[in-house]
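> A structural model of the following input is requested.
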Amino acid sequence: MFRHVFRALLICSVTLATSQPILAQDDVDVRSELQAIVDAIIEVEGIVGLSVAVYSPDVGLLRSASGDAIGNTPTALTPEHLLYAGSVTKTFVAATVLQLIDEGVLSPDDTLDLFYPDYPNADRITIHQMLGMTSGTFDYFRNAPDNPFIPVLMSDITYLWTPDEIITTAASVGQPAAPGTTHTYSNTDYILLGRIIEMTTSNPLHVELRTRLFDPLGMTSSYLAGVENVPTATAQGYVRDAAFLFGAVEPRVTTREDYVGLEQLSWAAGGLISSPADLAIGMYGLMTGPILPVELRDEMTTRRVLPSESGAIYGYGVEFIETVSGTGIGHSGSLPGYASLTLYIVEHDLSIAVMTNDEAGEVLLPDIVNDLLTVVVNDV
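Have a look, this model is predicted:
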């Protein structure tokens, strides 16, 4: 409790002078305030590294980073370092599916049996349900005693999964819920959607993501890990509670080599490697630009309310998070040692992305977003 009060005092000390409604692109004072906040969070919370970006036409692109890129060594984390974005991947996979719907290649009412006829309830599971996670499929990342993935992860985290192997293994568990009756977060839905993209386009998923989204949106430092070469330096992760997955009993630093299996396992559900700048620019483009027709973007960002074990409300590959500056539309994500949160703030027409290479930083990200928003808007 005390550390959060202390952090609030530090942040207050660097934001009292802020009064403008939206910062100017060349406002050096605001850039320094952002950096001061990021530095303060690293100091108070004791996390390894934090990288952030804010983007809008009025703001331009603002980036700040603090902490270490390689464990707890004095190697500075910079805005150019890439990090695992985790489930933020789902937003871009959903956008690709929506483009295929716009082109008439897919329909929201298409059922899974067109692609995987042997999957449980395949004739009742629709594209619409998979996009919104109301299909009832078993979540292969679910912490449950009947999860057949857990013994494999525990015995060999570097095991190289294929998408179809993930699908077949998840199908063997059965269907926890009837399609269309409840919202249950399921990474399996997005592995299925990734394969459907490949089957309908005859292209690998990463090619479709790059040509349809990454390149047009100006996401020049984004890659689908495990299937694309990543030429830019990636910040090393710091695992704490999840250290046991890597054969350690104490927190430890990880390297890209530690993630070869997790990259394959995450794939369309969470395999994106990116930077906060790319995520902020990409999310803004998705929410405001011509990548999607307005009617399909509206479908993507429609809150679908069904009974939910978590109380979450989901759109198509997007979550809805309330911030001090209004509603944020986007997604959170994590892999062991990494966490991210990317949002488009509707009321102020700006996007924000925060990423950390420390497992302990995940719970802090919503508050960090609010801390940063106090600098760029004046009504909080």
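
> can you map out the helices along this protein?
Ranges of helices within the chain are 2-15, 28-45, 89-102, 127-132, 149-155, 163-171, 187-201, 205-209, 215-217, 260-270, 276-288, 294-300, 365-376, based on DSSP state H.

> Distance to residue 317 added to those, as JSON lines?
The way it works is simple: take the backbone N, C-alpha and C, and place the C-beta from them, glycine included. Listed next are these as JSON lines, based on distance: least, CB to CB, whole Å:
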{"stretch": "helix 2-15", "distance to residue 317": "31"}
{"stretch": "helix 28-45", "distance to residue 317": "28"}
{"stretch": "helix 89-102", "distance to residue 317": "3"}
{"stretch": "helix 127-132", "distance to residue 317": "6"}
{"stretch": "helix 149-155", "distance to residue 317": "22"}
{"stretch": "helix 163-171", "distance to residue 317": "17"}
{"stretch": "helix 187-201", "distance to residue 317": "8"}
{"stretch": "helix 205-209", "distance to residue 317": "12"}
{"stretch": "helix 215-217", "distance to residue 317": "15"}
{"stretch": "helix 260-270", "distance to residue 317": "10"}
{"stretch": "helix 276-288", "distance to residue 317": "10"}
{"stretch": "helix 294-300", "distance to residue 317": "7"}
{"stretch": "helix 365-376", "distance to residue 317": "18"}
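
> Quick one: closest of these to residue 333.
helix 260-270 (6.0 Å; CB to CB).

> gap between that closest one and the chain center?
How far helix 260-270 lies from its chain's middle: 13 Å, per CA atoms, centre = their mean, to the nearest Å.

> With stretch 207-221 instead?
For stretch 207-221, the distance to the chain centre is 16 Å (CA atoms, centre = their mean).

> Averaged pLDDT, that stretch. What do you get?
With pLDDT averaged residue by residue, stretch 207-221 scores 98.

> tell me the pLDDT at the most centrally placed residue in the chain?
By CA atoms, centre = their mean, the chain has its centre lying nearest to residue 88, at 1.9 Å. The confidence metric pLDDT takes the value 98 at residue 88.

> ok so, going back, could the helices of the chain go into TSV alongside mean neighbour count?
Below are these laid out as TSV (neighbours: other CB atoms under 10 Å):
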stretch	mean neighbour count
helix 2-15	14
helix 28-45	19
helix 89-102	24
helix 127-132	25
helix 149-155	13
helix 163-171	18
helix 187-201	23
helix 205-209	22
helix 215-217	15
helix 260-270	24
helix 276-288	25
helix 294-300	15
helix 365-376	22
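
> and of the ones you listed, who's closest to residue 236?
Among the helices of the chain, the nearest to residue 236 by CB to CB is helix 260-270 (14.1 Å).

> what's in contact with that closest one?
Under the criterion CB atoms under 8 Å, 6 or more residues apart in numbering, residues 84-90, 93, 140-141, 149, 153, 156-163, 166, 187-188, 190-191, 193-195, 197, 205, 224-227, 271, 333, 335-336 lie in contact with helix 260-270.

> Now do that helix against helix 89-102, angle only.
50 degrees (axes from the mean of the first three to the mean of the last three CA atoms, to 10 degrees).

> and residue 34, what does it touch?
Taking CB under 8 Å, 6+ apart, we find residue 34 in contact with 52, 54, 62, 64, 372, 375.

> CSV please, covering the residues you listed and showing pLDDT and distance to residue 108.
What follows is these, written out as CSV (pLDDT from 0 to 100; distance: CB to CB, whole Å):
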residue, pLDDT, distance to residue 108
52, 98, 35
54, 96, 33
62, 94, 37
64, 96, 40
372, 95, 36
375, 88, 40
